[in-house]
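Peer 1: predicted structure and sequence below. I'll ask about it afterward.
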Amino acid sequence: MVVVMSPDATPEQIEAVVSRVRTTGGEAFVSRGVQRTIIGLVGDVDHFRALNLRSLPGVADVIAISTPYKLVSVDHQPARSTVVVGTGTGARPVMIGPDTFTLIAGPCAVESLAQTLEAAEMAKAAGATMLRGGAFKPRAAPREFQGLGKVGLHILAEVREVTGLPVVTEVIDPGDVDLVSGYADMLQVGARNMQNTALLQAVGRAGKPVLLKRGIQATVDEWLMAAEYVAQRGNLDIVLCERGIRTFETATATTLDIAAVPVVQRLSHLPVIVDPSHSAGRRDLVLPLSRAAIAVGADGILVDVHPDPEAALCDGPQALAGADVRELASTLRRLIPAAGRRLGDPSPVGL
(Lines give C-alpha, C1' and ligand atoms only; values in the text may rest on other atoms or scores of the structure.)
Protein backbone atom coordinates (compact mmCIF):
# COMPACT_ATOMS: atom_id res chain seq x y z
CA MET A 1 0.00 0.00 0.00
CA VAL A 2 1.21 3.52 -0.83
CA VAL A 3 0.15 6.86 0.64
CA VAL A 4 0.48 9.77 -1.78
CA MET A 5 0.90 13.12 -0.04
CA SER A 6 -0.32 16.43 -1.43
CA PRO A 7 2.37 18.65 -3.02
CA ASP A 8 1.95 21.12 -0.14
CA ALA A 9 1.99 18.52 2.65
CA THR A 10 4.01 19.67 5.64
CA PRO A 11 6.69 17.61 7.44
CA GLU A 12 4.33 17.39 10.42
CA GLN A 13 1.55 15.92 8.26
CA ILE A 14 3.96 13.36 6.80
CA GLU A 15 5.13 12.38 10.28
CA ALA A 16 1.52 12.01 11.42
CA VAL A 17 0.94 9.39 8.72
CA VAL A 18 4.12 7.55 9.64
CA SER A 19 3.21 7.57 13.34
CA ARG A 20 -0.29 6.22 12.72
CA VAL A 21 1.05 3.39 10.55
CA ARG A 22 3.54 2.40 13.23
CA THR A 23 0.77 2.06 15.80
CA THR A 24 -0.34 -1.08 13.91
CA GLY A 25 3.16 -2.54 13.92
CA GLY A 26 3.71 -1.65 10.28
CA GLU A 27 6.64 0.10 8.65
CA ALA A 28 6.46 3.36 6.68
CA PHE A 29 9.15 4.41 4.20
CA VAL A 30 9.09 8.05 3.12
CA SER A 31 10.34 8.83 -0.40
CA ARG A 32 10.61 12.40 -1.62
CA GLY A 33 10.53 12.90 -5.36
CA VAL A 34 10.84 16.08 -7.40
CA GLN A 35 7.09 16.67 -7.47
CA ARG A 36 5.59 14.73 -4.57
CA THR A 37 6.24 12.75 -1.42
CA ILE A 38 4.98 9.20 -1.11
CA ILE A 39 4.99 6.78 1.80
CA GLY A 40 5.33 3.06 1.18
CA LEU A 41 3.68 0.84 3.78
CA VAL A 42 4.86 -2.63 4.76
CA GLY A 43 2.68 -4.74 7.04
CA ASP A 44 -0.89 -5.98 7.40
CA VAL A 45 -2.98 -4.34 4.67
CA ASP A 46 -6.25 -4.93 6.55
CA HIS A 47 -4.87 -3.04 9.55
CA PHE A 48 -3.81 -0.18 7.27
CA ARG A 49 -7.29 0.03 5.74
CA ALA A 50 -8.78 0.37 9.23
CA LEU A 51 -6.63 3.46 9.88
CA ASN A 52 -8.62 5.60 7.39
CA LEU A 53 -5.42 7.31 6.24
CA ARG A 54 -7.27 9.24 3.51
CA SER A 55 -8.83 11.38 6.21
CA LEU A 56 -5.51 12.69 7.51
CA PRO A 57 -4.44 16.23 6.57
CA GLY A 58 -2.02 16.36 3.66
CA VAL A 59 -2.99 12.95 2.22
CA ALA A 60 -3.95 13.07 -1.45
CA ASP A 61 -4.57 9.37 -2.04
CA VAL A 62 -4.03 5.86 -0.69
CA ILE A 63 -3.32 3.18 -3.30
CA ALA A 64 -3.26 -0.58 -2.84
CA ILE A 65 -0.50 -2.08 -5.00
CA SER A 66 -0.09 -5.82 -5.47
CA THR A 67 3.49 -5.80 -6.80
CA PRO A 68 6.31 -6.11 -4.25
CA TYR A 69 8.01 -3.02 -5.74
CA LYS A 70 5.36 -0.56 -4.63
CA LEU A 71 7.21 2.77 -4.70
CA VAL A 72 8.68 2.35 -8.19
CA SER A 73 5.55 0.76 -9.66
CA VAL A 74 3.52 2.36 -12.43
CA ASP A 75 0.44 1.43 -10.36
CA HIS A 76 1.52 4.02 -7.85
CA GLN A 77 2.55 6.67 -10.38
CA PRO A 78 1.14 6.21 -13.91
CA ALA A 79 3.03 9.18 -15.37
CA ARG A 80 6.64 8.57 -16.36
CA SER A 81 9.15 10.22 -14.01
CA THR A 82 11.86 12.73 -14.84
CA VAL A 83 15.09 12.69 -12.85
CA VAL A 84 17.12 15.92 -12.59
CA VAL A 85 20.88 15.55 -12.22
CA GLY A 86 23.45 18.22 -11.45
CA THR A 87 21.80 20.68 -9.09
CA GLY A 88 23.97 22.37 -6.49
CA THR A 89 27.43 21.32 -7.76
CA GLY A 90 28.20 23.95 -10.35
CA ALA A 91 27.24 21.69 -13.27
CA ARG A 92 24.48 22.47 -15.76
CA PRO A 93 21.42 20.47 -14.63
CA VAL A 94 20.26 17.67 -16.91
CA MET A 95 16.84 16.02 -17.12
CA ILE A 96 16.52 12.29 -17.78
CA GLY A 97 13.01 11.21 -18.67
CA PRO A 98 10.32 10.86 -21.32
CA ASP A 99 10.66 14.30 -22.88
CA THR A 100 14.32 13.98 -23.83
CA PHE A 101 16.95 11.47 -24.94
CA THR A 102 20.07 11.80 -22.81
CA LEU A 103 23.57 10.84 -23.92
CA ILE A 104 25.89 10.03 -21.01
CA ALA A 105 29.44 9.39 -22.18
CA GLY A 106 33.02 9.31 -21.03
CA PRO A 107 35.84 6.93 -20.18
CA CYS A 108 35.05 3.64 -18.47
CA ALA A 109 37.89 4.41 -16.04
CA VAL A 110 39.50 7.69 -15.02
CA GLU A 111 43.22 7.32 -15.75
CA SER A 112 44.51 10.90 -15.67
CA LEU A 113 43.29 14.48 -15.85
CA ALA A 114 44.36 14.86 -19.48
CA GLN A 115 42.71 11.60 -20.57
CA THR A 116 39.45 12.34 -18.76
CA LEU A 117 39.25 15.92 -19.99
CA GLU A 118 39.88 14.89 -23.60
CA ALA A 119 37.27 12.14 -23.34
CA ALA A 120 34.79 14.60 -21.82
CA GLU A 121 35.31 17.08 -24.65
CA MET A 122 34.78 14.26 -27.19
CA ALA A 123 31.59 13.26 -25.39
CA LYS A 124 30.31 16.81 -25.28
CA ALA A 125 30.97 17.29 -28.98
CA ALA A 126 28.86 14.21 -29.68
CA GLY A 127 25.92 15.70 -27.76
CA ALA A 128 26.55 14.29 -24.29
CA THR A 129 25.06 16.29 -21.44
CA MET A 130 26.53 14.09 -18.70
CA LEU A 131 29.99 12.67 -18.07
CA ARG A 132 30.54 9.08 -16.94
CA GLY A 133 33.86 7.95 -15.51
CA GLY A 134 34.93 5.30 -13.04
CA ALA A 135 37.09 6.23 -10.06
CA PHE A 136 36.41 2.90 -8.34
CA LYS A 137 36.42 -0.10 -10.69
CA PRO A 138 35.22 -3.52 -9.52
CA ARG A 139 36.96 -5.91 -11.91
CA ALA A 140 36.56 -9.60 -12.56
CA ALA A 141 40.30 -10.25 -12.07
CA PRO A 142 42.02 -8.91 -8.93
CA ARG A 143 45.16 -7.86 -10.84
CA GLU A 144 43.26 -5.66 -13.30
CA PHE A 145 43.17 -1.88 -12.88
CA GLN A 146 40.88 -1.08 -9.96
CA GLY A 147 40.67 2.69 -10.47
CA LEU A 148 42.33 5.74 -8.94
CA GLY A 149 39.89 6.02 -6.05
CA LYS A 150 39.78 9.43 -4.41
CA VAL A 151 42.28 10.85 -6.90
CA GLY A 152 39.87 9.88 -9.66
CA LEU A 153 37.03 11.68 -7.88
CA HIS A 154 39.14 14.86 -7.74
CA ILE A 155 39.79 14.55 -11.48
CA LEU A 156 36.08 14.13 -12.26
CA ALA A 157 35.23 17.21 -10.20
CA GLU A 158 37.89 19.22 -12.00
CA VAL A 159 36.66 18.10 -15.42
CA ARG A 160 33.09 19.00 -14.43
CA GLU A 161 34.27 22.50 -13.56
CA VAL A 162 35.87 22.89 -16.99
CA THR A 163 33.11 21.33 -19.11
CA GLY A 164 29.96 22.00 -17.06
CA LEU A 165 28.94 18.33 -17.45
CA PRO A 166 27.35 16.66 -14.40
CA VAL A 167 29.25 13.56 -13.30
CA VAL A 168 28.00 10.02 -12.70
CA THR A 169 30.44 7.58 -11.13
CA GLU A 170 30.21 4.18 -9.50
CA VAL A 171 30.33 3.53 -5.77
CA ILE A 172 31.08 -0.04 -4.75
CA ASP A 173 31.34 0.10 -0.95
CA PRO A 174 28.61 1.37 1.42
CA GLY A 175 31.38 2.99 3.46
CA ASP A 176 32.39 5.14 0.47
CA VAL A 177 28.93 6.55 -0.29
CA ASP A 178 29.49 9.79 1.62
CA LEU A 179 32.91 10.25 0.00
CA VAL A 180 31.65 9.71 -3.54
CA SER A 181 28.56 11.83 -2.89
CA GLY A 182 30.86 14.75 -2.13
CA TYR A 183 32.16 14.72 -5.70
CA ALA A 184 29.50 13.11 -7.93
CA ASP A 185 26.19 14.46 -9.20
CA MET A 186 24.80 10.95 -9.59
CA LEU A 187 25.77 7.67 -7.92
CA GLN A 188 26.04 4.54 -10.03
CA VAL A 189 25.33 1.08 -8.65
CA GLY A 190 26.99 -1.35 -11.04
CA ALA A 191 25.77 -4.71 -12.29
CA ARG A 192 27.93 -6.61 -9.79
CA ASN A 193 26.33 -4.74 -6.90
CA MET A 194 22.70 -4.63 -8.04
CA GLN A 195 21.67 -6.94 -5.19
CA ASN A 196 24.05 -5.53 -2.58
CA THR A 197 21.25 -4.43 -0.27
CA ALA A 198 23.53 -2.56 2.13
CA LEU A 199 24.85 -0.47 -0.76
CA LEU A 200 21.35 0.10 -2.18
CA GLN A 201 20.12 1.37 1.18
CA ALA A 202 23.17 3.60 1.62
CA VAL A 203 22.80 5.30 -1.77
CA GLY A 204 19.07 5.64 -1.10
CA ARG A 205 19.88 7.72 1.97
CA ALA A 206 22.56 9.81 0.27
CA GLY A 207 20.24 12.37 -1.33
CA LYS A 208 21.78 12.01 -4.82
CA PRO A 209 20.18 10.64 -8.00
CA VAL A 210 21.03 6.98 -8.57
CA LEU A 211 21.86 5.11 -11.77
CA LEU A 212 21.01 1.45 -11.16
CA LYS A 213 22.44 -1.06 -13.61
CA ARG A 214 20.76 -4.42 -14.12
CA GLY A 215 22.75 -7.42 -12.90
CA ILE A 216 23.84 -9.77 -15.67
CA GLN A 217 21.79 -12.62 -14.17
CA ALA A 218 18.90 -10.56 -12.80
CA THR A 219 15.30 -10.82 -13.88
CA VAL A 220 13.28 -7.68 -14.48
CA ASP A 221 11.45 -8.22 -11.18
CA GLU A 222 14.74 -8.54 -9.29
CA TRP A 223 15.99 -5.36 -10.94
CA LEU A 224 12.89 -3.45 -9.88
CA MET A 225 13.11 -4.87 -6.36
CA ALA A 226 16.66 -3.49 -6.17
CA ALA A 227 15.26 -0.08 -7.16
CA GLU A 228 12.67 -0.47 -4.41
CA TYR A 229 15.47 -0.79 -1.83
CA VAL A 230 16.75 2.63 -2.95
CA ALA A 231 13.27 4.15 -2.98
CA GLN A 232 12.46 2.82 0.49
CA ARG A 233 15.31 4.86 1.91
CA GLY A 234 13.77 8.10 0.69
CA ASN A 235 15.05 8.44 -2.88
CA LEU A 236 12.82 8.20 -5.96
CA ASP A 237 15.39 9.85 -8.26
CA ILE A 238 16.41 6.55 -9.83
CA VAL A 239 17.39 5.83 -13.43
CA LEU A 240 17.47 2.19 -14.54
CA CYS A 241 20.16 1.01 -16.95
CA GLU A 242 19.86 -2.12 -19.09
CA ARG A 243 23.43 -3.30 -19.77
CA GLY A 244 22.99 -6.86 -21.02
CA ILE A 245 22.36 -10.22 -19.40
CA ARG A 246 24.31 -13.48 -19.43
CA THR A 247 23.08 -16.05 -21.94
CA PHE A 248 24.64 -18.97 -23.81
CA GLU A 249 25.90 -16.57 -26.53
CA THR A 250 29.65 -15.79 -26.51
CA ALA A 251 29.89 -13.49 -29.56
CA THR A 252 29.24 -10.51 -27.30
CA ALA A 253 30.19 -9.74 -23.71
CA THR A 254 26.55 -10.12 -22.70
CA THR A 255 23.24 -10.17 -24.56
CA LEU A 256 21.47 -6.81 -24.68
CA ASP A 257 17.88 -7.43 -23.57
CA ILE A 258 16.41 -4.65 -25.67
CA ALA A 259 12.86 -5.85 -24.91
CA ALA A 260 13.48 -5.06 -21.25
CA VAL A 261 13.16 -1.34 -22.00
CA PRO A 262 9.45 -1.32 -22.97
CA VAL A 263 8.73 -4.10 -20.47
CA VAL A 264 10.08 -2.04 -17.58
CA GLN A 265 8.39 1.12 -18.86
CA ARG A 266 5.07 -0.69 -18.52
CA LEU A 267 5.87 -1.81 -14.98
CA SER A 268 7.63 1.23 -13.52
CA HIS A 269 7.54 5.01 -13.80
CA LEU A 270 11.35 5.26 -13.61
CA PRO A 271 13.44 6.37 -16.63
CA VAL A 272 15.24 3.54 -18.46
CA ILE A 273 18.50 3.93 -20.40
CA VAL A 274 20.72 1.45 -22.27
CA ASP A 275 24.47 0.75 -22.05
CA PRO A 276 25.47 -0.49 -25.53
CA SER A 277 29.17 -0.45 -24.66
CA HIS A 278 29.21 -2.96 -21.81
CA SER A 279 26.48 -5.14 -23.27
CA ALA A 280 28.43 -5.70 -26.49
CA GLY A 281 32.03 -5.37 -25.33
CA ARG A 282 32.82 -4.46 -28.96
CA ARG A 283 32.96 -0.97 -30.44
CA ASP A 284 31.63 -2.14 -33.82
CA LEU A 285 28.29 -2.97 -32.15
CA VAL A 286 27.91 0.19 -30.06
CA LEU A 287 26.31 2.23 -32.85
CA PRO A 288 23.84 -0.49 -33.98
CA LEU A 289 22.77 -1.07 -30.38
CA SER A 290 22.47 2.69 -29.82
CA ARG A 291 20.11 2.87 -32.79
CA ALA A 292 18.10 0.02 -31.30
CA ALA A 293 17.87 1.84 -27.96
CA ILE A 294 16.51 4.95 -29.67
CA ALA A 295 14.00 2.94 -31.68
CA VAL A 296 12.68 0.97 -28.70
CA GLY A 297 12.01 4.11 -26.66
CA ALA A 298 14.90 4.23 -24.19
CA ASP A 299 15.38 7.51 -22.34
CA GLY A 300 19.10 7.62 -23.10
CA ILE A 301 22.32 5.70 -23.60
CA LEU A 302 25.54 5.30 -21.61
CA VAL A 303 28.57 5.10 -23.93
CA ASP A 304 32.30 4.61 -23.38
CA VAL A 305 34.59 7.07 -25.19
CA HIS A 306 38.38 7.28 -24.87
CA PRO A 307 41.00 9.38 -26.67
CA ASP A 308 43.22 6.31 -27.16
CA PRO A 309 41.24 3.07 -26.76
CA GLU A 310 44.23 0.86 -27.57
CA ALA A 311 46.03 2.21 -24.50
CA ALA A 312 42.97 2.21 -22.20
CA LEU A 313 43.42 0.59 -18.80
CA CYS A 314 39.83 -0.64 -18.80
CA ASP A 315 37.50 -1.90 -21.56
CA GLY A 316 39.39 -0.36 -24.47
CA PRO A 317 37.90 -2.72 -27.10
CA GLN A 318 34.42 -1.21 -26.57
CA ALA A 319 35.39 2.48 -26.35
CA LEU A 320 34.61 4.89 -29.18
CA ALA A 321 37.09 7.43 -30.51
CA GLY A 322 37.59 9.69 -33.50
CA ALA A 323 35.35 8.81 -36.45
CA ASP A 324 33.19 6.51 -34.31
CA VAL A 325 32.31 9.39 -31.98
CA ARG A 326 31.48 11.61 -34.94
CA GLU A 327 29.26 8.90 -36.39
CA LEU A 328 27.51 8.55 -33.03
CA ALA A 329 26.82 12.29 -33.04
CA SER A 330 25.42 12.11 -36.58
CA THR A 331 23.25 9.12 -35.64
CA LEU A 332 21.78 10.91 -32.65
CA ARG A 333 21.01 14.05 -34.65
CA ARG A 334 19.17 12.04 -37.31
CA LEU A 335 17.32 9.42 -35.32
CA ILE A 336 16.27 11.10 -32.08
CA PRO A 337 13.92 13.63 -33.77
CA ALA A 338 12.55 10.79 -35.93
CA ALA A 339 11.65 8.96 -32.72
CA GLY A 340 9.75 12.01 -31.46
CA ARG A 341 12.36 13.00 -28.88
CA ARG A 342 14.98 15.69 -28.54
CA LEU A 343 18.58 15.34 -27.45
CA GLY A 344 18.84 16.26 -23.77
CA ASP A 345 19.00 19.96 -22.99
CA PRO A 346 21.78 20.61 -20.45
CA SER A 347 19.91 23.58 -18.96
CA PRO A 348 16.26 22.65 -18.26
CA VAL A 349 13.79 25.46 -17.76
CA GLY A 350 13.24 26.48 -14.15
CA LEU A 351 16.58 25.30 -12.80
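Peer 2: Now that the structure is in, tell me what you want to look at.

Peer 1: burial of the closest residue in space to residue 191 that isn't next to it in sequence, as a residue count?
Peer 2: Leaving aside its sequence neighbours, residue 191 sits nearest to residue 213 (Cβ to Cβ, 6 or more residues apart in numbering; 4.6 Å). Any C-beta I mention is one placed from the backbone N, CA and C, and that applies to glycine too. For residue 213, the neighbour count with other Cβ atoms under 10 Å is 26.

Peer 1: confidence score at residue 213?
Peer 2: Note on residue 213: pLDDT of 98.

Peer 1: what's the answer for residue 349, then?
Peer 2: pLDDT, residue 349: 37.

Peer 1: could you do residue 140 as well?
Peer 2: So residue 140 comes in at 74 (pLDDT).

Peer 1: can you tell me the SS state at it?
Peer 2: coil (DSSP: H, G, I helix; E, B strand; the rest coil).

Peer 1: ranges for the strands of the stretch 51-200 of the chain?
Peer 2: Counting by DSSP state E, counting those that start in this stretch, the stretch 51-200 of the chain has strands at residues 59-63, 83-85, 94-96, 102-106, 130-132, 167-170, 186-189.

Peer 1: turn those strands into CSV, including mean pLDDT, mean neighbour count and distance to residue 5.
Peer 2: Shown next, in CSV, are the strands of the stretch 51-200 of the chain (pLDDT from 0 to 100; neighbours: other Cβ atoms under 10 Å; distance: least, Cβ to Cβ, whole Å):
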stretch, mean pLDDT, mean neighbour count, distance to residue 5
strand 59-63, 89, 16, 6
strand 83-85, 94, 22, 19
strand 94-96, 94, 27, 23
strand 102-106, 97, 28, 28
strand 130-132, 96, 29, 30
strand 167-170, 97, 26, 29
strand 186-189, 98, 26, 25
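
Peer 1: quick one: the strands in the stretch 201-350 of the chain?
Peer 2: Using DSSP E, counting those that start in this stretch, strands in the stretch 201-350 of the chain cover 210-213, 238-242, 272-274, 300-304.

Peer 1: of the ones you listed, which is nearest residue 168?
Peer 2: Closest of the strands of the stretch 201-350 of the chain to residue 168 is strand 210-213, at 5.5 Å (criterion: Cβ to Cβ).

Peer 1: who are the packing partners of that closest one?
Peer 2: Using 3 or more Cβ pairs under 8 Å, 6 or more residues apart in numbering; DSSP states H and E, the elements in contact with strand 210-213 are strand 186-189, helix 220-232, strand 238-242.

Peer 1: part of a strand, is residue 29?
Peer 2: Yes: per three-state DSSP, residue 29 lies within a strand segment.

Peer 1: need the strands of the stretch 51-200 of the chain in a markdown table (columns: distance to residue 53).
Peer 2: Compiled in a markdown table, the strands of the stretch 51-200 of the chain are given as follows (distance: least, Cβ to Cβ, whole Å):
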| stretch | distance to residue 53 |
| --- | --- |
| strand 59-63 | 5 |
| strand 83-85 | 28 |
| strand 94-96 | 32 |
| strand 102-106 | 37 |
| strand 130-132 | 39 |
| strand 167-170 | 37 |
| strand 186-189 | 32 |
